[in-house]
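Engineer: The following block contains a protein sequence and its predicted model.
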Amino acid sequence: MEIKNYINSGEHVLWTGKPNKAVFIKERIFSPLFIVAAVWLMFDLAFIGGFLGMASDNLPFSPLLLVPFFALHLLPVWIYIFRVVFAFREWRNTDYMVTDKAVYVTKGVFTTNCDRKTFQEITNVSVHQGIIDKSHNVGDVFIITGFTTNSKGQSIKQGINIIDVEDYLEVYKLITRTGTDIFSDTMYPNDLRPKENHGYKTKYNPDEE
């Protein structure tokens, strides 16, 4: 299903795009999870090697019991391998769209989910470039819609991200400009806007009191 099929009646598309495929897949391969998985795997291999180096009759339990234990214990490694193996499928299901009403992001591996955030929900927009991004001249646009608190009392950002796109600066400017226009239309509809704004570029001078 194309991302344009998610828009509502009367909604106009301003921009659509996809992540850069090479960058998207490289970031799955060289992610922070790679370091965790590598260290975890080396630790478990050393642990397994130590057990296998012992005589089987000296073990207090059957060596076969190690198979299900390490199959579960190596979960971070399996997660990393899963993300790398299905990186292309995830990229194929990832699409971005900006309309005059909201920002859309579709993503998924085996299923596709569409996340829609209206401009009224957006509280902050920022731009980011990682090491791999800079080498391919792409960037990310982070869109924050609010914060929640987890069980530990930590504040967690809520929102959606447009990552690894070539025209990230244009997308950033488009979202901020459209959000400003919509806010202005909401606060001051066209028919109610004054022709002159006497508060514009004025300065506060406390010495004049």
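Structural biologist: Nice, I can see it.

Engineer: okay, CA-based contacts and neighbour counts for the rest of this
Structural biologist: OK.

Engineer: show me the residues around residue 120 that make contact.
Structural biologist: 179, 183 (Cα atoms under 8 Å, 6 or more residues apart in numbering).

Engineer: Does it fall in a helix, a strand, or a coil region?
Structural biologist: Secondary structure assignment for residue 120 (DSSP: H, G, I helix; E, B strand; the rest coil): coil.

Engineer: Tell me what the residue positioned nearest the centre of the chain is bridged to.
Structural biologist: Centroid check for the chain by Cα atoms, centre = their mean gives residue 161 as the closest residue, at 4.2 Å. Beta bridges link residue 161 to residue 142, judged by DSSP bridges.

Engineer: Tell me where the chain has strands.
Structural biologist: Using DSSP state E, the strands of the chain run over residues 13-17, 95-99, 102-107, 113-118, 124-128, 139-149, 155-165.

Engineer: Would you format the ones you listed as TSV with mean pLDDT included?
Structural biologist: Conversion of the strands of the chain to TSV gives the following (pLDDT from 0 to 100):
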stretch	mean pLDDT
strand 13-17	96
strand 95-99	96
strand 102-107	96
strand 113-118	94
strand 124-128	95
strand 139-149	89
strand 155-165	89
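
Engineer: closest one to residue 44 among these?
Structural biologist: strand 155-165 (32.2 Å; Cα to Cα).

Engineer: And for the closest one, what's in contact with it?
Structural biologist: Strand 155-165 is contacted from outside by 17-20, 23-24, 96, 105, 115, 117, 122, 133, 138-150, using Cα under 8 Å, 6+ apart.

Engineer: So what angle separates the directions of that strand and strand 95-99?
Structural biologist: 100 degrees (axes from the mean of the first three to the mean of the last three Cα atoms, to 10 degrees).
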